[in-house]
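Participant: Sequence and predicted structure are below.
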Amino acid sequence: MPELPEVETTRRGIAPCLLTRRVIDVIVRDRRLRWPISTQFERGVRGQTVRSVERRAKYLLVGFDTGTLILHLGMSGSLRMVQSNVPPKLHEHWDLWLDSGQVLRFHDPRRFGSLHWTDSDPQLHPLLKALAPEPLSDLFHGEYLYRVSRGRKVAIKSFIMNSSLVVGVGNIYASEALFRARISPRRAAGRITRAQAAALVDGIKSVLSEAIKIGGTTLRDYVNADGAPGYFRQKLFVYERAGEACRVCRAPIKKFTQGQRSTYWCSTCQR
Ligand SMILES: [Zn+2]
């Protein structure tokens, strides 16, 4: 599933191709995404010039003078830039044709992605208005995590993956951030200390930033959006390393199931 770093990598990949370009045509081959694509999409963007390409949580926001496209990659979605003479493949559900001769093309075999057009403030759209702070923003800091976790009995790993507290901390990044902060994923959220909250916020920010940095350096015309990319996997300390030696203490990495997700950790390094 595309996580926040993959979405940010996608944003950085497509933004230079989209900005200041006019949409000369729109093609929708299949409207059946997570929600059916409204014809407002074509009416809204045709003939319009792209003014901004932003991200909020895992949504990409493509801004025009008259409104904003809000798109989500879902479980298996990806965007790529192609030349207009490249024929569409299976599962490529819509295209934005630009005056540059390039086409932004959306591919999504499982069709959990989504596409909405809004002509009012996108931050007030029902999908976005209740979202928690961005993990890489100044609003997410140790004191915030410490405060919101008081009295909470839920395990800290599930807690940081709860999108009503902070957005975009998926399973891979939660496991890795807890390792970096040396905190057991089983510890009750309400029992982390102020220093641990600060260390965990640092861990989340650094693991996400590194993933974005690495994603950005390999990006060309194809914008991939598939789990933890191979080049980032080599840098992981615990995720999908069950039975392998901890890179710090050499003890075997352990795995268990927590909230229906696999959790990986080192029981020697993390307390
Ligand atoms: Zn270890």
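Facilitator: Okay, I see it.
Participant: OK, contacts around the closest residue to residue 89 other than its chain neighbours?
Facilitator: Among residues not flanking residue 89 along the chain, residue 107 sits closest, at 7.2 Å (C-beta to C-beta, 6 or more residues apart in numbering). For every residue, glycine as well, the C-beta is placed using N, CA and C. Residues in contact with residue 107 (C-beta atoms under 8 Å, 6 or more residues apart in numbering) are 77, 78, 79, 80, 89, 91, 92, 93.
Participant: what does the average pLDDT come to for stretch 133-140?
Facilitator: Mean per-residue pLDDT for stretch 133-140: 96.
Participant: Ok, stretch 192-202 next?
Facilitator: 98.
Participant: same question, stretch 53-60
Facilitator: 96.
Participant: contacts for it?
Facilitator: Contacts of stretch 53-60 (C-beta under 8 Å, 6+ apart): 2-4, 7-8, 10-11, 14-15, 18-19, 61-63, 69-73, 79, 122-123, 127-128, 131, 134, 163, 167-168.
Participant: Of the residues you listed, select the buried ones using a ChimeraX command.
Facilitator: Remark: buried members of the contacts of stretch 53-60, expressed as a ChimeraX selection using 16 or more other C-beta atoms under 10 Å:
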select :2,3,4,7,8,10,11,14,15,18,61,62,63,69,70,71,72,73,79,122,127,128,131,134,167,168
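Participant: one step back: now flag whichever of the contacts of residue 107 is closest to residue 256.
Facilitator: residue 77 (30.0 Å; C-beta to C-beta).
Participant: Please verify my assumption that that closest one contacts residue 94.
Facilitator: No: using C-beta atoms under 8 Å as the test, residue 77 is too far from residue 94 to be in contact (10.9 Å).
Participant: More neighbours: which of these two?
Facilitator: residue 77 (27 against 23; other C-beta atoms under 10 Å).
Participant: what residues are up against the more buried one?
Facilitator: Going by C-beta under 8 Å, 6+ apart, the list of residues near residue 77 reads 2, 106, 107, 108, 112, 113, 225.
Participant: The third one bridge partners, please.
Facilitator: To tie it back to what came earlier, the one meant is residue 107. Counting by DSSP bridges, residue 107 is bridged to residue 78, residue 92.
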